[in-house]
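>>> starting from these lines, generate the structure:
(2 chains)
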Amino acid sequence: MNPNFWLPPLLILLLGFLWFRMPHLTRPDIFFAITVKPSFRKTPEAIDILRKYNVQIFVHTAIAFAVVVACNFLHTEKLYALAFGWQVAGPMLALKSANGRTRPFAAEPSREFEVDLSPNREPLPGGMVAFAIPFAILAASAAILYLNWEQIPQNYPIHWGFDGKPNRWVERTPRNVYGFLVIGALTCLSMVVMASVTLRSRRISVSGEQGHNERQFRRLNLWTLLAAEYLVAFASGGLPILTTLGGSMAGPQFTVLTLGFAVVTVALLIRQGQGGSRLSPVSSSPRPAGDRTPDGCWKWGLFYVNPDDPALFVEKRFGLGYTVNLGNPWSWVLVPAILAVPLGAILLR
Amino acid sequence: MPPTPHILRIALNGDAPVYRQIVDALRHALVAGDIEPGHILPPVRQLAVDLGVHFNTVAEAYRILAAEGWLDLRRRRGALVLSRKSPAHPDATVSSAFSRRLRELIAELRASGMSPTRIARELRSLAEGLEK
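Numbering: from 1, shown residues only, chains lettered A, B, ... in the order given. Next comes the predicted model:
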């Protein structure tokens, strides 16, 4: 069966599954982005908040799924953006609502901090060399394209469908061909920056089992960024060469590889939970440890805005991984710089 | 295998300013020998991020400890813990300041309801720990 038919609805369902699971993946003393006592989750109030959230997620997923299926039967992709947008915006509203209902049950977090006084933190996985290789791949691709310029078809592929086949082309010009590589390199660069900032992000627990779990969680995030960087390098450097010069199609295999990467990464992150919190039993401490960020600085439970916090990256309160502190002036440089890459890709398209 | 982290526990919940609490916690670790000479403390920015306080708060704490001779501050590279020898005899102002602070603290504890017997017991326990 054509992947263009079944993959978008499957992605909508996967997103719905993630939204359903998300409240269970956060730290035990964070509930819908509010600091609570670890025992709060078992109270009738918490169960009621979770039930209402689940109902909303179910409704939004059903609507998005219906739109995608309708698109498939009408043989149009025009409403895909609406369906995926709905599957993001709808659950965000559900989260905002649950966040507001949880706020009256907020608990004061502990003010006892552990700090790691070691001057040198753990290194990037594989070191800077591992993060630099994707740039070498892109440079090699540029060299191959340059040396085989005449063999590149006049219509140069820049976009691939869910089935891995090219579905959008541009005219073969140096700007189009090398511009695609430059966008790939900038995307890789943004991943290197994110890895470096993640490495310097705040440690919430540094000792004992929880500290060990948190280190494992950070390491998994760094490995994910590294793997994603290689995927981007291959997508923007290797894929155009294989589809134009190589003869045989590598697109379908790449789709499988990307999907496999996404599924494995999400499964590993779900297994660990935010900050590695699912790797060990829930603390019996009556006072929440919190995550060293104030509840009031989380907007909609998703966006952290705290000008008094020097951290640039902090652990997400709802989701897996890290998010940017929009109150830090450096975020005004980092976020537009990262957003500029996909915007540039759209302009090039 | 990552190196064992050198951990400091700080309770930022008192009435004292945060920089003072950081100074007190670090000085306690330095005096007790938990942090040895030659160790490099994390840069100001990293410690500020970990504690969630402003850079200047940590910088002030480091400056005070550097003025006391505990640290050699190195730009962007953290703070080197120095081998610090205590003077043979503290000067008179230090002794009188110590007595005054101790009296103030005892008064504060008594005002808050702690019995003189309990205070004396705590002080005795501390004194015995010092003499060991």
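>>> what parts of the stretch 201-349 of chain A come near chain B?
A:201-203, A:206-207, A:211, A:215, A:292-293, A:308-311 (CB under 8 Å from any CB of the partner chain). No exception for glycine: its C-beta is placed from N, CA and C like everyone else's.
>>> which of those residues lies closest to A:V193?
Among these, A:S201 lies closest to A:V193 (CB to CB), at 12.8 Å.
>>> count the residues that sit near the residue nearest to the closest one when sequence neighbours are not counted.
Excluding the flanking residues, the one nearest A:S201 by CB to CB, 6 or more residues apart in numbering or on different chains is A:F313, at 4.2 Å. Using other CB atoms under 10 Å in any protein chain shown, A:F313 has 24 neighbouring residues.
>>> run the chain-centre distance for stretch A:21-34.
Distance of stretch A:21-34 from its chain centroid, counting by CA atoms, centre = their mean, to the nearest Å, is 17 Å.
>>> for that stretch, give the mean pLDDT please.
Average pLDDT, stretch A:21-34: 91.
>>> still on that earlier bit, pretty sure the residue nearest to A:S201 sits against A:N328.
No - A:F313 is not in contact with A:N328 according to CB atoms under 8 Å; the separation is 9.1 Å.
>>> what's the closest non-adjacent residue to A:Q210?
A:S280 is the one closest to A:Q210 (CB to CB, 6+ apart), at 6.4 Å.
>>> list phi and psi for that neighbour.
Torsion angles at A:S280 (phi, psi; degrees, to the nearest 10) stand at phi -140, psi 160.
>>> how about A:E77?
Main-chain dihedrals, A:E77, degrees, to the nearest 10: phi -110, psi 10.
>>> what's the helix or strand for residue 94?
No chain specified, so I'll use chain A. A:A94 is part of helix A:80-102 when elements are defined by DSSP states H and E.
>>> meant chain B actually
Taking DSSP H and E as the criterion, B:V94 maps to helix B:92-111.
>>> list the buried residues in that helix.
By 16 or more other CB atoms under 10 Å in any protein chain shown, helix B:92-111 has no buried positions at all.
>>> next one: stretch A:56-76
Per 16+ other CB under 10 Å, stretch A:56-76 contains these buried residues: A:56-57, A:60-61, A:63-65, A:67-68, A:71-72.
>>> quick one: contacts for the residue nearest to A:Q56 when sequence neighbours are not counted?
Ranked by CB to CB, 6+ apart and with sequence neighbours excluded, the top spatial neighbour of A:Q56 is A:A94, at 3.7 Å. Counting by CB atoms under 8 Å, 6 or more residues apart in numbering or on different chains, A:A94 touches A:19, A:53, A:56-57, A:60.
>>> what do you get for A:M128?
So A:M128 contacts nothing (CB under 8 Å, 6+ apart).
>>> kindly report the domain assignment for chain B.
Domain assignment of chain B by automatic domain parsing yields the ranges B:18-81, B:92-131.
>>> what sits opposite the residue nearest to A:S201 in the beta ladder?
For A:F313, the beta-bridge partners are A:V324 (DSSP bridges).
>>> show the pLDDT at it.
pLDDT for A:F313: 91.
>>> likewise for A:F162?
Residue-level confidence at A:F162 comes out at 67, pLDDT.
>>> likewise A:L268?
For A:L268, the model assigns a pLDDT of 90.
>>> contacts only, for it.
By CB under 8 Å, 6+ apart, the neighbours of A:L268 are A:L220.
>>> next, find the distance separating it from A:A136.
Separation of A:L268 from A:A136 (CB to CB, to the nearest Å): 27 Å.
>>> and for A:T255?
With the distance defined as CB to CB, A:T255 ends up 25 Å from A:A136.
>>> and A:V305, by the same measure?
When A:V305 is compared with A:A136 (using CB to CB), they lie 38 Å apart.
>>> domain assignment for chain A?
Under the assignment automatic domain parsing, the domains of chain A span A:1-107, A:123-349.
>>> out of those domains, nearest to B:F55?
Using CB to CB, the nearest of those to B:F55 is domain A:123-349, at 5.7 Å.
>>> could I get the domains of chain A as TSV with distance to B:I35?
Shown next, in TSV, are the domains of chain A (distance: least, CB to CB, whole Å):
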stretch	distance to B:I35
domain A:1-107	30
domain A:123-349	15
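>>> tell me which of these sits nearest to B:H39.
domain A:123-349 (15.8 Å).
>>> show me which residues of the stretch 1-150 of chain A are close to chain B?
Going by CB under 8 Å from any CB, the residues of the stretch 1-150 of chain A near chain B are A:111-119, A:121-122.
>>> pLDDT check: weakest of those?
Lowest in pLDDT among those is A:P119, which has 65.
>>> where does chain B dip in pLDDT?
Chain B contains residues with pLDDT under 70 at B:1-5, B:75-76, B:85-90, B:132.
>>> center of chain B, which residue is that?
B:D24 (2.3 Å; CA atoms, centre = their mean).
>>> check contacts around that residue.
By CB under 8 Å, 6+ apart, the neighbours of B:D24 are B:A16.
>>> give me the element it is part of.
B:D24 belongs to helix B:18-31 when assigned by DSSP H and E.
>>> residue ranges of the strands in the chain, please?
Picking chain A for this. For chain A, applying DSSP state E gives strands covering A:30-31, A:34-35, A:112-116, A:155-160, A:166-171, A:298-299, A:303-304, A:313-315, A:322-324.
>>> let me rephrase: I mean chain B.
B:7-11, B:40-41, B:71-74, B:78-81.
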